[in-house]
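Engineer: What follows is a predicted protein model with its sequence.
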Amino acid sequence: MMPRRCFACLVVLAALPAAAQDIPDFRGAPFTMQGGEAVYRGICQGCHMADAKGATGAGSYPALANNSKLASAGYVLTMVMNGYKGMPPFRGQFANQQIADVVNYVRTNFGNHFKGTVKATDVQQLR
Amino acid sequence: MPYHHRGILHYASRLGVALEPFTQVNYNAYVHSTQAYGGKPQRYRQVQADFHGHVAELLAKCTRQNALDQAVSQEDREILMLALRNWGALNENYEYKASIDSSMRRGFTADPGGGLKSVPVPSEPSALTDVLQSRLWTAIASAHNYEMQCTIPTPILSQIPMNVGPQMRAAIDQLPYMAALKIGLQFKRRFWEEDEQIYGGHTYTDMPIATIGYPMWDYFSKGKGVLLGAYTFGRAAYIAASKPPEERIKDALSQGSQIHPQYMSEFENGVAVAWHRVPWTMGCQGAWTEESRALHYDNLCALDGRIMLANEHASRLPGWQEGSVTSALDAIGRLHARVMNS
């Protein structure tokens, strides 16, 4: 299984070595979606799934639905900004408002009803 | 698999694994930008010839205006002028213009042939500004790169309880895997060969699909053909991975049809795989940054109690089997030295 995966990485590695990865051309458009729902649908649901119930294989993508850890806005915010374990850091990919919006969105949807709103200025403080 | 990945090639040779040719560059495939040449794909050959030709012409001008006298000796200047004319397909006045010579690089408007209609018609090079503004030179350069395993990927390993020290723990927990996505598209016929004379190799585009890869075997075969319809990393891969597979394929078709209009009428079937959704890897390869490498790489590779990691992510060739092999050899070498010295 592994060799197949690694072999499959071959083409783009050939086309895009580490040094070239920051060149904007040929890397796809920046994340332009606005609003918490659009960010969630556009990016987050790729791993956390459309119903935010996560997924489990050899490892897990945690459910955000009915997740008591989301009670702490700072926890969610730090996760999105810095990543942890399988979760990649998104601080460089999103503007402050996009991050604030998606944190607020997951904390108030999917069975979550947590109080407190994250603002763009809160995100800025973590930069 | 590059020829300098000697570790994995050695294994392939020892284990009798048959290798097939892999065509990285095809001068007759396309480079494409939605922002250049009216969004029309350009043959790799033409863009490269025009880029080299114009640069050679400029450099020849500098040389003749004595701008390089300090850097290049008189004798070398004469050789340089010869070389520039040869490399850039310049005419006797050191200009890059439509001619038989330049068309031997970029292709003809009408190819030389036999019989009465045999006279070749040279093609007209693009203007320097168009070549530069197109930014397609990034695709030309990337096709020339030198670089074109796994115990357990860190996104999985980080979720397995294990008894390691804080430094290795931190190194494992900070290494997510990159997003990547591939789409295979099946068509009724090999129109890229039949209509466009593309036999293997790759087309590069600035659209999210990034790459189209053509099969490098069974040329001229009739009937169905499968090509690589998208190979995306980074942001484009995140966006595509968040969509259902059917929508990813729809996107790949609508983008790809801007390069190959035959896409829509010839399409039969497709498959789209996002590495982030492969349950046993949760990503394509270790997503190192310069900062994270400086902080954590040595700790990730170091022996910790009874645990030592060997993997593509424990190498400077992430995503390559060669990274896995050399990382494993290095780990075994260190273990061996430790045992022999104890």
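Structural biologist: Received it, and whenever you're ready, just let me know what you need.
Engineer: count of neighbours near B:Ala71?
Structural biologist: Using other Cβ atoms under 10 Å in any protein chain shown, B:Ala71 has 10 neighbouring residues. C-beta coordinates here come from the backbone N, C-alpha and C atoms, glycine included.
Engineer: Check the gap between it and B:Tyr94 for me.
Structural biologist: From B:Ala71 across to B:Tyr94, the span is 18 Å (Cβ to Cβ, to the nearest Å).
Engineer: now do B:Met340
Structural biologist: Look at B:Met340 and B:Tyr94: by Cβ to Cβ, they are 64 Å apart.
Engineer: Skipping adjacent residues, who's closest to the closest residue to chain A within chain B in space?
Structural biologist: Per Cβ to the nearest Cβ, B:Pro279 is where chain B lies closest to chain A, at 2.1 Å. Spatial nearest neighbour of B:Pro279, chain neighbours left out: A:Gly57 (2.1 Å); criterion: Cβ to Cβ, 6 or more residues apart in numbering or on different chains.
Engineer: that older thread, higher neighbour count, B:Met340 and B:Tyr94?
Structural biologist: Neighbour totals were compared for B:Met340 and B:Tyr94, and B:Tyr94 leads with 18 against 7 (other Cβ under 10 Å).
Engineer: Next, that one: phi, psi?
Structural biologist: phi 60, psi 40 (degrees, to the nearest 10).
Engineer: That one is in contact with B:Arg85, isn't it?
Structural biologist: Yes. With contacts counted by Cβ atoms under 8 Å, B:Tyr94 reaches B:Arg85, the gap being 6.2 Å.
Engineer: So for the two, which residues contact both of them?
Structural biologist: Listed as contacting both B:Tyr94 and B:Arg85 by Cβ atoms under 8 Å, 6 or more residues apart in numbering or on different chains are B:Ala60.
Engineer: so what's B:Ser315 closest to, chain neighbours aside?
Structural biologist: Per Cβ to Cβ, 6+ apart, closest to B:Ser315 is B:Gly323, 3.3 Å.
Engineer: Could you do B:Ile332 as well?
Structural biologist: B:Ala310 (7.8 Å).
Engineer: Repeat that for B:Gly283.
Structural biologist: B:Tyr177 (2.1 Å).
Engineer: how close does that neighbour sit to A:Gly86?
Structural biologist: Distance from B:Tyr177 to A:Gly86, by Cβ to Cβ: 7 Å.
Engineer: Next: B:Trp192.
Structural biologist: B:Trp192 is 37 Å from A:Gly86, by Cβ to Cβ.
Engineer: circling back: in contact with the residue of chain B closest to chain A: list those residues for me.
Structural biologist: Contacts of B:Pro279 (Cβ under 8 Å, 6+ apart): A:Ala55, A:Thr56, A:Gly57, A:Ala58, A:Gly59.
Engineer: how about a markdown table for these, with neighbour count and pLDDT added?
Structural biologist: As requested, those are exported to a markdown table (neighbours: other Cβ atoms under 10 Å in any protein chain shown; pLDDT from 0 to 100):
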| residue | neighbour count | pLDDT |
| --- | --- | --- |
| A:Ala55 | 16 | 93 |
| A:Thr56 | 12 | 92 |
| A:Gly57 | 13 | 87 |
| A:Ala58 | 16 | 86 |
| A:Gly59 | 21 | 88 |
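Engineer: circling back: buried residues in the one helix or strand the residue nearest to B:Ser315 maps to, which are they?
Structural biologist: Using DSSP states H and E, B:Gly323 sits in helix B:321-341. For helix B:321-341, a neighbour-count test (16 or more other Cβ atoms under 10 Å in any protein chain shown) marks B:Gln321, B:Glu322, B:Gly323, B:Ser324, B:Val325, B:Thr326, B:Ser327, B:Ala328, B:Ala331 as buried.
Engineer: can you count the residues close to the closest residue to the last one other than its chain neighbours?
Structural biologist: Right, the one you point to is B:Ala331. Distances taken as Cβ to Cβ, 6+ apart place B:Ala310 nearest to B:Ala331, at 4.3 Å, with adjacent residues excluded. Using other Cβ under 10 Å, B:Ala310 has 21 other residues around it.
Engineer: One more: B:Arg189?
Structural biologist: 16.
Engineer: And the residue of chain A found nearest chain B, how close does it get to B:Met282?
Structural biologist: Chain A approaches chain B most closely through A:Gly57 (2.1 Å), counting by Cβ to the nearest Cβ. Distance of A:Gly57 to B:Met282, given as Cβ to Cβ: 7 Å.
Engineer: ok, and the closest residue to B:Leu9 other than its chain neighbours, which helix or strand is that part of?
Structural biologist: Nearest non-adjacent residue to B:Leu9, counting by Cβ to Cβ, 6+ apart: B:Met1, 6.8 Å away. Using DSSP H and E, B:Met1 maps to neither a helix nor a strand.
Engineer: any idea how far B:Met1 lies from B:Phe22?
Structural biologist: Taken as Cβ to Cβ, the span from B:Met1 to B:Phe22 is 7 Å.
Engineer: Give me the pLDDT value at residue 112.
Structural biologist: Let's take chain A. On pLDDT, A:Asn112 comes in at 97.
Engineer: I was thinking of chain B, sorry if that wasn't clear
Structural biologist: B:Pro112 is given a pLDDT of 88.
Engineer: give the contact list for it.
Structural biologist: Per Cβ under 8 Å, 6+ apart, neighbours of B:Pro112: B:Ser118, B:Val119, B:Pro120.
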